[in-house]
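Participant: attaching a predicted model along with its sequence, questions to come.
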Amino acid sequence: MTMMAATSDERCVMEPERTNSGQSQPMDRLKLLYPMVNEEETPLPRAWSAKDKYTYIGLSQNNLRVHYKVSRGCLRSPGYGKTHKDAASVRATHSIPASCGLYYFEVKIVSKGRDGYMGIGLSVQGVNVNRLPGWDKQSYGYHGDDGHSFCSSGTGQPYGPTFTTGDVIGCGVNLVDNTAFYTKNGHHLGIAFTDLPPNLFPTVGLQTPGEVVDANFGQLPFVFDIGDMINELRVRTRLQIINYPTPDHGQGQWQAILHKMVSTYLVHHGYWDTAEAFASSTGQVFEEDYNSIKNRQKIIKLVLSGRMGEAIEVTSRLYPGLLEKDPDLLFALKCRQFVEMVNGSDSEVCQSNGNPNQTSVIQSTKAYTKSATGTVEEMNINNTMNGTSGPQFVNGQIEDDVDMEESNVNAINGVKNSTGYQNGNLDANGYKCQNGEDVDMEIDNSANQSQQQTSNITDSTTSKNNKKQLCGGNKQAIEKMLEFGRQLYSQSIHLRQQYGKNESNKKMLQDAFSLLAYSNPWNSPVGWQLDPQQRETVCARLNSAILGSSNLPRRPPLEVAASHARELVHLMSTAGLGACGFAVVDNIIQY
């Protein structure tokens, strides 16, 4: 369907989304138009229903085109289509979710057919589809032959201009005010209906041969600039919330509670200086434990900088027994540590890349060994350890049916198998092996691909290109990372045997190990793990566990209140309160 140029608000909807693999994919425009809609609970209308229509209606082009179909005998009858019995309608696949806030769709008149008896509008489920929209109760329509609006009645009221072939008619539903409006070729025609019921479906009706219309539910840019109306309702809703009157009595008490919530939030996340200054400026008595905050602050900084090994060691020293009591948390920290090893950020990797005299803080990672010839022995994540085999991968997934006693492990995509290496896998020295040949581990997919391949990772570390490399490009660090991976897998087996299957732990391990299946893990489908922002989740989890061990709230009251507010907004949206489509809690807090 040909449409006019997109507005500035709609252009952002068309911007491509950067995926984890670095490739561009088009954004789902409907998700940007209606960000508060959870389509798992309340799907958006995206096409016309092949079931909820009259027999005279035909659908094509992914059920977005509607045409009027009758027999040839009827086509030869000059009187056909002149009575209401010849009308036919179709509804969309789903009703309009209240959480849209403001919903809008457009219909282009491809052909007005013989007489142009077409209606565009809304109806609830169950309304007779052998009628044009607007003629029956809880049905609303704007008709092209006379420009009248029909509100649950066969008698229309003058509303707007007629429309014909080539025109684009839009229908909008303001779910905040429960009103509907129409547009013609991008021009607003005013409010057509008020006091609308909930759960309305977009509806079109045709009556004479040759009538054809195309629908745009938001998959393409609209002719009408809906962005201005959305912004207006968003600002209006925000101001209503901000200016909502608080009780006159006890205003000081409310203020004190809010100040305390902010203060505890700052303390929770380790902002000692800011928390102390805020308490002083608001007249609060600051009685927090300085050492406790500083200890947590130290651990938080280590985690957020990717030095997971040090963070685990410091946590174990300052809070003895904490990680032993929460094996799932320890496993999550270890998985993150493996990712940081790949990233070249963890302390073990830094030790290998930097000062050789630095003492490792990862006590569980054993040193690599040397053979009698002085060369490093082959170490691969599939080698057995203490009688337990390594993980079996198929396309990057750990198989559930691995025989834990089997010593010969087959693998595809990312690990060594019994006969060699396949499809971009690593050998013991960190080289990528393909068809039995060694290639260097330098991460470069452009100009450097034409360079001669080398088997010395250490030399590639000092190259002038300074591209990202596995474990910082250090051979010893790669060996230690592989050794650590074997032990991490053994730990996963122990957890499963002792506590049963844990799908979350399994997925963490799969994702982490899958990084080894790619010569450039930073630009791969699992490369999102290497984003520093991914450290924040495990950081918050560790911080909450530390606070809980000290009999302090695991979550600050401010975050709990915000979570409650989000859930309340969600519940209100399911109850049909359209303003919830613009009550974005996070935006209001930032404001």
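Facilitator: On my side now, so go ahead.
Participant: what strand or helix carries the spatially closest residue to L266 that is not a sequence neighbour?
Facilitator: In space, and not counting its chain neighbours, L266 is closest to A275: 3.7 Å by CB to CB, 6 or more residues apart in numbering. Every C-beta, even on glycine, is put in place using the N, C-alpha and C of the backbone. Following DSSP states H and E, one finds A275 within helix 272-281.
Participant: now do that helix: which elements does it pack against?
Facilitator: helix 251-268, helix 290-304 (3 or more CB pairs under 8 Å, 6 or more residues apart in numbering; DSSP states H and E).
Participant: could you chop the protein up by domain?
Facilitator: Listed domain ranges for the chain are 8-238, 293-549 (source: automatic domain parsing).
Participant: in terms of mean pLDDT, which of those domains ranks lowest?
Facilitator: The minimum mean pLDDT among the domains of the chain belongs to domain 293-549 (a mean of 65).
Participant: end-to-end on it?
Facilitator: 14 Å (CA to CA, to the nearest Å).
Participant: same thing with stretch 180-188?
Facilitator: Start-to-end, stretch 180-188 (CA to CA) is 11 Å.
Participant: how about it: buried residues?
Facilitator: Neighbour counts using 16 or more other CB atoms under 10 Å place 180-185 of stretch 180-188 among the buried residues.
Participant: tell me which of those residues fall in strands.
Facilitator: 180-184 (DSSP state E).
Participant: can you tell me which of those residues is closest to K112?
Facilitator: Comparing these against K112 with CB to CB places K184 closest, at 14.0 Å.
Participant: I figured that closest one hits G166, correct?
Facilitator: No: the pair K184 / G166 is not scored as a contact, 11.2 Å apart, by CB atoms under 8 Å.
Participant: what about S490, how many neighbours?
Facilitator: 18 (other CB atoms under 10 Å).
Participant: quick check: closest non-adjacent residue to I109.
Facilitator: D167 (5.0 Å).
Participant: how many neighbouring residues does the one you found have?
Facilitator: For D167, using other CB under 10 Å, the count is 16.
Participant: what sits against it?
Facilitator: 108-109, 144, 184-185 (CB atoms under 8 Å, 6 or more residues apart in numbering).
Participant: now do 10 Å
Facilitator: Taking CB atoms under 10 Å, 6 or more residues apart in numbering as the criterion, D167 is in contact with 107-109, 112, 144, 161, 184-185, 223.
Participant: next one: F105
Facilitator: 45, 92, 96, 120, 122, 169-173, 202, 204, 215-218, 222.
Participant: next, it: secondary structure please.
Facilitator: strand (DSSP: H, G, I helix; E, B strand; the rest coil).
Participant: distance of it from T537?
Facilitator: 38 Å (CB to CB, to the nearest Å).
Participant: repeat for G58
Facilitator: The value you get for G58 to T537, if CB to CB is used, is 50 Å.
Participant: of these two, who's got more company?
Facilitator: G58 (16 against 11).
Participant: could you measure from the more buried one over to E211?
Facilitator: 11 Å.
Participant: shared neighbours of the two, which are they?
Facilitator: 66-69, 88.
Participant: just those residues now: which is nearest G270?
Facilitator: Closest to G270, out of all of the shared contacts of G58 and E211 and judged by CB to CB, is V66, at 59.5 Å.
Participant: so Y56 touches S89, yeah?
Facilitator: Yes: if you go by CB atoms under 10 Å, Y56 and S89 touch, sitting 9.3 Å apart.
Participant: and these two? which has more neighbours close in?
Facilitator: It is S89, of Y56 and S89, that has more neighbours when counted by other CB under 10 Å, with 30 against 22.
Participant: would you agree the more buried one falls within a strand?
Facilitator: Yes: assignment of S89 by three-state DSSP places it within a strand.
Participant: quick one on the thing from earlier: narrow the contacts of D167 to those that are buried.
Facilitator: By 16+ other CB under 10 Å, these give 107-109, 112, 144, 184-185, 223 as buried.
Participant: pull the most distant pair out of those residues.
Facilitator: Taking CB to CB, no two of the buried ones among the contacts of D167 sit farther apart than K112 and V223, at 17.9 Å.
Participant: so N38 touches C100, yeah?
Facilitator: No: contact criterion CB under 10 Å: N38 and C100 do not qualify, at 11.4 Å.
Participant: ok, now which ones touch G576?
Facilitator: Neighbours of G576 in contact, by CB under 10 Å, 6+ apart: 97-99, 175, 178, 197-199.
Participant: quick one, phi psi at it?
Facilitator: phi 90, psi 10 (degrees, to the nearest 10).
Participant: ok so, going back, need the buried ones among the contacts of D167 in JSON lines (columns: distance to M572).
Facilitator: What follows is the buried ones among the contacts of D167, written out as JSON lines (distance: CB to CB, whole Å):
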{"residue": "V107", "distance to M572": "31"}
{"residue": "K108", "distance to M572": "35"}
{"residue": "I109", "distance to M572": "38"}
{"residue": "K112", "distance to M572": "42"}
{"residue": "G144", "distance to M572": "37"}
{"residue": "K184", "distance to M572": "34"}
{"residue": "N185", "distance to M572": "36"}
{"residue": "V223", "distance to M572": "32"}
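Participant: the helices in the stretch 451-591 of the chain, which residues?
Facilitator: 457-461, 475-499, 503-514, 535-549, 557-574, 585-590 (DSSP state H, counting those that start in this stretch).
Participant: S152: which of these is closest?
Facilitator: So among the helices of the stretch 451-591 of the chain, helix 557-574 is nearest, using CB to CB, at 25.7 Å.
Participant: so what does that closest one touch, helix or strand wise?
Facilitator: The contact analysis (3 or more CB pairs under 10 Å, 6 or more residues apart in numbering; DSSP states H and E) places helix 557-574 against helix 251-268, helix 585-590.
Participant: roughly how far out does the last one sit from the chain middle?
Facilitator: In this case it means helix 585-590. 19 Å (CA atoms, centre = their mean, to the nearest Å).
Participant: kindly format the C-alpha coordinates of it as CSV.
Facilitator: This file holds the C-alpha atoms of helix 585-590, laid out as CSV (Å, rounded to 0.1, in the frame of the first residue of the first chain):
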residue,chain,number,x,y,z
VAL,A,585,6.3,4.6,35.8
ASP,A,586,10.0,4.9,35.0
ASN,A,587,9.5,8.0,32.8
ILE,A,588,7.4,9.6,35.6
ILE,A,589,10.1,8.9,38.2
GLN,A,590,12.8,10.4,35.9
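Participant: cool, thanks, talk later.
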